[in-house]
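1. Let's see this in three dimensions:
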Amino acid sequence: AFADEHVSDVVLPAVISEGHSYTAREPVYQSAVDLDPREAFLSLTPHKLFRRAYFDALGLRFTEDRVPLEDGQLVARAYVGGGRISRFGDRLGYHYMGREGTNISYAPRDPLAHGRSVADIMRSARRIPDLADEIIVDLYRRKLLRYLGPRYLPVMPPERQSAYVHATAQIAAEFISAEMESTLTAWPRLASRTARLDDPGISV
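-> Have a look, this model is predicted:
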């Protein structure tokens, strides 16, 4: 009813998550007919209501291949396809239960493939010129720099360390200007600057 009333093409529900540390944000109980794209890009999971005609018009389909962040790539394309993106927060819309081993997100992923997927999402964000830099910096922090932190990088095998640092260096070179990097807080900014050197020994 909400989507039909407001002619929304994508509707984000209020979501509560259990079992996924990376989606542990509190549900947002606030509706918005025209959602700020910066808020939309904070949620790239597929737990949304999509208008079928909108999907078809954009030629969007969920891939059947095992691709890192495959849902996020498709959702990002839907966000920038010219439709109305809304949020329904009058009540809880989705209870997200995660079980280890049941999703590609739990499996060790190829860092370079992960980087390519992040790049695809960032290219979608560039279609919103006024907000692109802010969205891209946040994606960079959440989707790449976090893996260079003390919880992840030091415990990786050397080849994975090297691959994650290289993937981050590639993203930084293509998408992250010095001005954008300067907006990061102290630790992510340091991680970004060392990653640009493409030397895992320095990053670790």
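
2. buried sites along the longest helix that the chain contains?
-> Longest among the helix segments of the chain by residue count, using DSSP state H, is helix 158-175. Of all the residues in helix 158-175, those buried under the rule 16 or more other Cβ atoms under 10 Å are 160-172, 175. All C-beta atoms are positioned from the backbone trio N, CA, C, and that covers glycine.

3. what about D199, how many neighbours?
-> Using other Cβ atoms under 10 Å, D199 is surrounded by 14 other residues.

4. Next one: it, what pLDDT does it get?
-> We have a pLDDT of 92 for D199.

5. so it sits right up against Q161, yeah?
-> No: D199 is beyond contact range of Q161, at 10.3 Å (criterion: Cβ atoms under 8 Å).

6. Which phi and psi values does R77 adopt?
-> Phi and psi for R77, reported as degrees, to the nearest 10, are phi -60, psi -40.

7. Which residues are in contact with the residue nearest to it when sequence neighbours are not counted?
-> Leaving aside its chain neighbours, R77 sits nearest to S124 (5.4 Å; criterion: Cβ to Cβ, 6 or more residues apart in numbering). Each residue near S124 by Cβ atoms under 8 Å, 6 or more residues apart in numbering is listed here: 73, 76-77, 79-80.

8. picking that back up, what are the contacting residues of the very next helix or strand once past the longest helix of the chain?
-> Next along the chain after helix 158-175, taking DSSP states H and E as the criterion, comes helix 178-181. Contacting residues not belonging to helix 178-181 are listed as 133, 136-137, 172, 189, 192-193 [Cβ under 8 Å, 6+ apart].

9. Mark which of the residues you listed are part of helices, please.
-> Among these, the subset assigned to helices under DSSP H consists of 133, 136-137, 172, 189, 192-193.

10. Any chance of TSV for those, columns pLDDT and distance to L12?
-> Conversion of the ones in helices among the contacts of helix 178-181 to TSV gives the following (pLDDT from 0 to 100; distance: Cβ to Cβ, whole Å):
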residue	pLDDT	distance to L12
D133	98	22
I136	99	20
V137	98	21
A172	98	29
R189	96	30
S192	97	29
R193	96	34
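
11. Can you give me the domain assignment for the chain?
-> Listed by automatic domain parsing, the domain ranges of the chain are 1-107, 108-204.

12. Going by mean pLDDT, which of the ones you listed comes out lowest?
-> Looking at the domains of the chain, the bottom one is domain 1-107 with a mean of 86.

13. The residue nearest to R77: helix or strand, and which one exactly?
-> Counting by DSSP H and E, the element that carries S124 is helix 111-125.

14. how big is the angle separating that helix from helix 158-175?
-> Computed by axes from the mean of the first three to the mean of the last three Cα atoms, to 10 degrees, the angle separating helix 111-125 from helix 158-175 equals 20 degrees.

15. how far does helix 111-125 sit from the chain's center?
-> 9 Å (Cα atoms, centre = their mean, to the nearest Å).

16. Equivalent analysis for stretch 26-35, please.
-> With Cα atoms, centre = their mean, you get 18 Å for stretch 26-35.

17. Need the residues that contact that stretch.
-> Taking Cβ under 8 Å, 6+ apart as the criterion, the residues outside stretch 26-35 that touch it are 2, 6, 8, 12, 14-16, 39, 84-92.

18. That'll do, ta.
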